[in-house]
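A.B. asks: The following comprises the amino acid sequence and a computationally predicted model.
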Amino acid sequence: MFVIELTYKSGLDEIDAHMAAHVAFLKKYYGSGNFLVSGRKIPREGGIILAVGKSRKEIEAIIKEDPFYEHGLADFRIIEFRASQRADDIQKRIETS
């Protein structure tokens with residue numbers, strides 16, 4: 001599993017100008033099964049994506065398709081980890097947070 005951390009390098013006006021394309025990118029990889037959870041950081045200085053993939057190389061290739069990456073709007077940090085535990089009621093916890 002991978003945590004992908006985005007940190008904006010541009011102002012929110014430029015981020016928002018590319019948000020629709022970024023959301024389309026997210027939907028593509030939710031559809032493929034790679035993305036599990038995503039959202040904005042608080043304060044709004046970037047975002048987080050929880051992803052699965054066969055390798056770090058695969059995740060790096062996916063990131064290069066993000067409009068925020070293509071336009072140099074954000075820095076990306078990939079943290080790989082092995083999930084060893086999870087809450088049985090994870091969906092309920094996500095819905096109530």
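C.D. replies: Okay, I see it.

A.B. asks: so how far is residue 36 from the residue in the chain sticking out farthest from the centre?
C.D. replies: Residue farthest from the centre of the chain, counting by CA atoms, centre = their mean, is residue 88 at 23.1 Å. As judged by CB to CB, to the nearest Å, residue 88 and residue 36 stand 16 Å apart. For glycine as for every other residue, the C-beta is placed from the backbone atoms N, C-alpha and C.

A.B. asks: Likewise for residue 49?
C.D. replies: Applying CB to CB, the value for residue 49 to residue 36 is 8 Å.

A.B. asks: Comparing the two, which residue is more hemmed in?
C.D. replies: A direct count of neighbours by other CB atoms under 10 Å for residue 49 and residue 36 places residue 49 higher, at 24 against 14.

A.B. asks: After the one helix or strand that one maps to, heading C-terminal, what element do we hit next?
C.D. replies: Assessed by DSSP states H and E, residue 49 sits inside strand 46-51. Per DSSP H and E, strand 46-51 leads on to helix 56-63 as the next helix or strand towards the C-terminus.
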